[in-house]
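In: next one to model:
(2 chains)
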Amino acid sequence: IAGITQAPTSQILAAGRRMTLRCTQDMRHNAMYWYRQDLGLGLRLIHYSNTAGTTGKGEVPDGYSVSRANTDDFPLTLASAVPSQTSVYFCASSQASGSDEQFFGPGTRLTVL
Amino acid sequence: EDQVTQSPEALRLQEGESSSLNCSYTVSGLRGLFWYRQDPGKGPEFLFTLYSAGEEKEKERLKATLTKKESFLHITAPKPEDSATYLCAVPTLGNQAGTALIFGKGTTLSVSS
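Out: Have a look, this model is predicted:
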């Protein structure tokens, strides 16, 4: 079934630990995105990639890094997790950046203690 | 500053009681407005894209309309399975054109039988 997969589904992490959230899409979309969703704040863009090999910063990039080695995968890394990074993280993709609709994965619920 | 505001925050309806959700936006040069549905614990699910004032799109009991300043999601004769959070979003010029979606905080719809 075509779509976006994210792993893990949920994770509890000690502060200071390194964590990578995985995202894979099989739709051959060029653009991919990472959002975090927090109660009362809605969805906010962390990082994006318009095409393989390029990345850019979104609204809330501090403490996160991404890479885009190929079209399908877009991992998000927390180098040293802090409690304020407790959130639900969604990966999304679109055929191209711009005005194309974005399709979302099921999310990763991360708790940093 | 580009902005998206949704109202009301929450809406409770009886089955069959039609209503509308509002999404007002302020953006430099609209390049589309997107509606999503989000069920608890899941990622947003794409519903509609509207590109120009006067445009309308329908899907089952939902109809989305667009003016120069706002969009409405009309729900006709809703059923309990329409209960969800409805999000609207617009593309905004980020570091590169069209790389960011700004989301409203959503309207949580509850339909009781």
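In: now A:Thr51: closest residue in space that isn't a chain neighbour?
Out: Distances taken as C-beta to C-beta, 6 or more residues apart in numbering or on different chains put A:Asn30 closest to A:Thr51, at 4.9 Å, once the chain neighbours are dropped. Glycine gets a C-beta too; all of them are placed from N, C-alpha and C.
In: close to chain B: what parts of chain A are there?
Out: Within reach of chain B by C-beta under 8 Å from any C-beta of the partner chain, chain A has these residues: A:4, A:31, A:33, A:40-45, A:48, A:50, A:56-59, A:90, A:92, A:97-99, A:101-107.
In: now A:Ser84: phi and psi?
Out: Taking degrees, to the nearest 10, you get phi -70, psi -10 for the backbone angles of A:Ser84.
In: for it, what are its contacts?
Out: Residues near A:Ser84 by C-beta atoms under 8 Å, 6 or more residues apart in numbering or on different chains: A:Val112.
In: pLDDT below threshold where in the chain?
Out: Chain wasn't specified; assuming chain A. A:1-2, A:98-99 (pLDDT under 70).
In: um, chain B though
Out: B:93-99.
In: going by residue numbers, what spans are strands in it?
Out: Under the criterion DSSP state E, strands of chain B are mapped to B:3-7, B:10-14, B:19-26, B:33-38, B:45-50, B:56-59, B:62-66, B:70-75, B:84-92, B:100-103, B:107-112.
In: JSON lines please, covering those strands and showing mean neighbour count.
Out: Putting those into JSON lines (neighbours: other C-beta atoms under 10 Å in any protein chain shown) gives the following:
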{"stretch": "strand B:3-7", "mean neighbour count": "17"}
{"stretch": "strand B:10-14", "mean neighbour count": "14"}
{"stretch": "strand B:19-26", "mean neighbour count": "18"}
{"stretch": "strand B:33-38", "mean neighbour count": "23"}
{"stretch": "strand B:45-50", "mean neighbour count": "18"}
{"stretch": "strand B:56-59", "mean neighbour count": "12"}
{"stretch": "strand B:62-66", "mean neighbour count": "20"}
{"stretch": "strand B:70-75", "mean neighbour count": "20"}
{"stretch": "strand B:84-92", "mean neighbour count": "24"}
{"stretch": "strand B:100-103", "mean neighbour count": "24"}
{"stretch": "strand B:107-112", "mean neighbour count": "17"}
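In: please name whichever of the ones you listed is nearest to chain A.
Out: Chain A sits nearest to strand B:100-103 of all these, at 4.2 Å, using C-beta to the nearest C-beta.
In: quick one: list the elements packing against the closest one.
Out: strand A:42-49, strand B:3-7, strand B:84-92 (3 or more C-beta pairs under 8 Å, 6 or more residues apart in numbering or on different chains; DSSP states H and E).
In: if we use 10 Å, what do you get?
Out: strand A:31-38, strand A:42-49, strand B:3-7, strand B:33-38, strand B:84-92 (3 or more C-beta pairs under 10 Å, 6 or more residues apart in numbering or on different chains; DSSP states H and E).
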